[in-house]
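Novice: This is a predicted model, with the sequence first.
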Amino acid sequence: MQKLSALTAPMALSNGVTIPGLGYGTYQTPNEETKKAVLEALSVGYRHIDTAAVYGNEQGVGDALKESDIAREDIFVTSKLWNTERGYDATKAAFAKTIATLGVDYLDLYLIHWPANTKQFGAKAAELNAETWRAMEDLYNEGKIRAIGVSNFMPHHLDELMKTAVIKPMVDQIEVHPGWPQAEAVRYNQAHDILVEAWAPLGEASALSNETIAAIATKHGKTAAQVCLRWGIQQGVLPLPKSTHQERMAQNTDIFDFELTDAEMTQISALENLGGQCMVPDEVDF
Ligand SMILES: NC(=O)c1ccc[n+]([C@@H]2O[C@H](COP(=O)([O-])OP(=O)(O)OC[C@H]3O[C@@H](n4cnc5c(N)ncnc54)[C@H](OP(=O)(O)O)[C@@H]3O)[C@@H](O)[C@H]2O)c1
């Protein structure tokens, strides 16, 4: 049971809520396949499911929660507010829709999916993010969400948000994988007691064919995917790998019985241009 207990081992958020230290991603899993995938993920030990309104599969996640015999309170469920729903009233309405679609009466974690940026919103971006966050704070204070956070916020977005925020975000979910370590954002978040979750922790599988990672994996008797995830864990980053193959889901959980050396961590952190999205939140136009 060592594996299962490590998988569900709680990490603490700044408000005292605990979160299982590895999550299961559902991006690009079609709604009709999501129930089966999430049930399989639960069966191999995941207790933390990451979805978003824009993925179109909250219903499939909810169906799995209903069918599973694991108690709701033992599964940590995250969803995210999509970009078209920013602003105080729209955020509250989008949250209501999300919990109705999931069929739950509370969320464990709700994130602003992307910051409004100045490329699209000019001088109004900061105000829009502040108003969205005010709604998140109210939903949190009403007891409908156990923790609130952001996604794809870089340090300057957080500095701006903190000017008006009453409650500090508890999580920042950002793209982190070998080749795109985002060291500055990770450092900033950790210095502010904001837990970093890594999206695309395998670089959408692009990091798996890298020779350096493969050689380190061979040395440890592990796979390249396990090395990528372990590299995240050893930085205090919570990875959210996605797979719709049960054998890979299980493989991605088997990362708590080995340790990368400092030299291996440094070697992996220095890798460049391995693929993945490598998105710059100030440059996106969605
Ligand atoms: N906040 C955001 O803006 C944002 C953006 C993107 C993603 N996310 C979240 O982060 C999660 C993970 O990101 P992601 O899905 O984009 O990418 P990822 O987890 O880095 O990579 C997923 C890809 O890797 C493959 N894979 C998984 N495990 C493998 C293994 N052990 N061996 C070989 N291939 C393996 C999967 O294929 P199969 O499925 O075919 O096995 C899939 O093609 C998402 O699902 C989502 O929940 C958040």
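Specialist: Great, that's in hand.
Novice: Surely Pro281 is in a helix?
Specialist: No: applying DSSP: H, G, I helix; E, B strand; the rest coil, one finds Pro281 to be coil, outside a helix.
Novice: May I ask you to confirm that it is in contact with Ser151?
Specialist: No: look at Pro281 against Ser151 with C-beta atoms under 8 Å: they stay out of range, at 9.1 Å. C-beta coordinates here come from the backbone N, C-alpha and C atoms, glycine included.
Novice: so what sits against both of those two?
Specialist: Trp114 (C-beta atoms under 8 Å, 6 or more residues apart in numbering).
Novice: Are stretch 61-69 and the ligand in contact anywhere?
Specialist: No: Stretch 61-69 stays out of contact with the ligand when judged by C-beta under 6 Å from any ligand atom, the minimum separation being 10.4 Å.
Novice: which residues are contacting that stretch?
Specialist: 26, 34-39, 42, 49, 51, 72, 75, 77, 101-104.
Novice: Kindly report the same for stretch 249-258.
Specialist: By C-beta under 8 Å, 6+ apart, stretch 249-258 touches 2-3, 6-7, 22, 24, 40-41, 44-46, 220-223, 225-226, 229-230, 233, 241, 243.
Novice: So which residues on this protein come close to the ligand?
Specialist: Counting by C-beta under 6 Å from any ligand atom, the chain sits next to the ligand at 25-27, 50, 113, 151-152, 173, 199-205, 208, 223, 225, 240-245, 248, 251-252.
Novice: and with 5 Å instead?
Specialist: For the chain, the residues in contact with the ligand (C-beta under 5 Å from any ligand atom) are 25, 27, 50, 151, 173, 199-200, 202, 204-205, 225, 240-245, 248, 251.
Novice: Can you show me the helices along the stretch 51-200 of the chain?
Specialist: 58-67, 88-102, 118-121, 125-141, 155-162, 183-191 (DSSP state H, counting those that start in this stretch).
Novice: How about residues contacting the fifth one?
Specialist: By C-beta under 8 Å, 6+ apart, the surrounding residues in contact with helix 155-162 are 115, 126, 129-130, 133, 150, 153, 168-169, 172, 184-185, 188-189, 192, 194, 281.
Novice: go on, the shortest one?
Specialist: Outside of helix 118-121, the residues that reach it under the criterion C-beta under 8 Å, 6+ apart are 125, 128, 282-285.
Novice: coming back round to it: using neighbour counts, trim the contacts of stretch 249-258 to the buried set.
Specialist: 6-7, 22, 24, 40-41, 44-46, 220, 222-223, 225-226, 229-230, 233, 241, 243 (16 or more other C-beta atoms under 10 Å).
Novice: now the residue nearest to Ser206 when sequence neighbours are not counted: how far from Asp172?
Specialist: Residue nearest to Ser206 in three dimensions, not counting chain neighbours: Gly275, with 2.7 Å by C-beta to C-beta, 6 or more residues apart in numbering. Counting by C-beta to C-beta, to the nearest Å, the gap from Gly275 to Asp172 is 22 Å.
Novice: again with Ala9
Specialist: From Ala9 to Asp172 the distance is 21 Å (C-beta to C-beta).
Novice: higher neighbour count, these two?
Specialist: It is Asp172, of Ala9 and Asp172, that has more neighbours when counted by other C-beta atoms under 10 Å, with 26 against 12.
Novice: hang on, isn't Ala12 packed against Thr18?
Specialist: Yes: assessed by C-beta under 8 Å, Ala12 is found in contact with Thr18 at 5.7 Å.
Novice: Tell me which of these two has more neighbours.
Specialist: Between Ala12 and Thr18, Thr18 has the larger neighbour count (other C-beta under 10 Å), namely 15 against 12.
Novice: Poorly predicted segments of the stretch 51-200 of the chain, please.
Specialist: Scanning the stretch 51-200 of the chain for pLDDT under 70 picks out no residues.
Novice: Which single residue of it ends up nearest the ligand?
Specialist: In the stretch 51-200 of the chain, no residue comes nearer to the ligand than Trp199, which is 3.3 Å away by C-beta to the nearest ligand atom.
Novice: OK, contacts around that residue?
Specialist: 25, 27, 151, 173-176, 240.
Novice: same deal with Glu283?
Specialist: Counted by C-beta under 8 Å, 6+ apart, Glu283 has contacts 117, 119.
Novice: Quickly note the distance from it to the ligand.
Specialist: For Glu283, the distance to the ligand (C-beta to the nearest ligand atom, to the nearest Å) stands at 14 Å.
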